[in-house]
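Novice: Sharing a sequence plus its predicted fold:
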Amino acid sequence: ELDKYPWTGHSTILGRCKNPLIPNAKNRKNPRNPAPGNSRNLRNLRIDPVKTLAEKTIQDVLFLFSSKTGEARRSYRQFVKEGVDQGSRPELQGGGLVRSAGGDKRGLLGRKKDERELSDERILGSGNFVANVMKDANEVLDQRAKFDISLVELISRVCTKFGITVEDLASKSRKRQLSQARGVVCYLAVDELGYSGDDVARMLRISGRGVSDCRERGKKILDKPEIISEYLA
């Protein structure tokens, strides 16, 4: 039975099998003392043992179902069972031409090339969904080609507009002027020029979450097309 099968994460999420990546209590490290932890000392210090990535992953999954462990495990198991009962779902098995046609090759025979459903192995979903995704991707590429501005050039333009240096922009300072400049860079780079959030994060030395927050700030600043044009024209 899957619930007791030791070679999947399912059994450890249910608590039926022990995850080998989670250490025993006696082998844990005290976060303030590298020596093996002592439960009594930990209670006195009011410090919880540092959780491993495996433990955090299990917690994250269960938290999607309930904040109570027992209830979360029951709901999770029911969710998995309902998924298994649905059987194979071709629409979730890839975006290739045959898969997009529901897995039936006969449906493709005798059809003209331009009548066949659009497909892409990288994208899950129907032909219409694939077409919309590719259309959006092409629009981003067209936008970047239209302005032909590198990320370095964009940052330089924004710094000039705000009267700051690149070093200031990438610093840890939270001054209002610098926060606004980061917001403008993040919004223009990601939403207007199609650069990835990871690329922007590396340039500004901030986290991916930081890029998202900055984008929202930049969106409010650049609320008119003519303002955006000042940076991209």
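Specialist: That came through, no problem.
Novice: pLDDT below threshold where in this structure?
Specialist: Applying pLDDT under 70 to the chain flags the ranges 20-51, 53, 90-127, 130, 136-146.
Novice: how's this structure carved up into domains?
Specialist: 2-85, 97-140, 149-232 (automatic domain parsing).
Novice: ok, which stretches of this structure are helices?
Specialist: 9-13, 39-45, 53-63, 69-85, 97-100, 127-147, 151-162, 166-169, 176-187, 197-204, 208-221, 225-232 (DSSP state H).
Novice: okay, those helices, which one's buried deepest?
Specialist: Mean neighbour count (mean count of other CB atoms under 10 Å) peaks for helix 176-187 among the helices of the chain, with a mean of 20. To be clear about C-beta, it is placed using only N, CA and C from the backbone, and glycine gets the same treatment.
Novice: Okay, angle between that helix and helix 151-162 too, please.
Specialist: Orientation note: helix 176-187 sits at an angle of 150 degrees relative to helix 151-162 (axes from the mean of the first three to the mean of the last three CA atoms, to 10 degrees).
Novice: could you say what helices and strands helix 176-187 packs with?
Specialist: Helices and strands touching helix 176-187, by 3 or more CB pairs under 8 Å, 6 or more residues apart in numbering; DSSP states H and E, are helix 151-162, helix 166-169, helix 197-204, helix 208-221.
Novice: what about dumping the CA coordinates of the first one to CSV?
Specialist: Taking C-alpha atoms only, helix 151-162 is exported to CSV below (Å, rounded to 0.1, in the frame of the first residue of the first chain):
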residue,chain,number,x,y,z
LEU,A,151,19.6,45.6,-18.0
VAL,A,152,22.9,47.5,-17.4
GLU,A,153,21.7,50.4,-19.6
LEU,A,154,18.3,50.5,-17.9
ILE,A,155,19.9,50.7,-14.5
SER,A,156,22.2,53.5,-15.7
ARG,A,157,19.2,55.5,-17.0
VAL,A,158,17.3,55.1,-13.8
CYS,A,159,20.2,56.2,-11.7
THR,A,160,20.7,59.3,-13.9
LYS,A,161,17.1,60.2,-13.5
PHE,A,162,17.2,59.9,-9.8
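Novice: Thanks a lot, catch you later.
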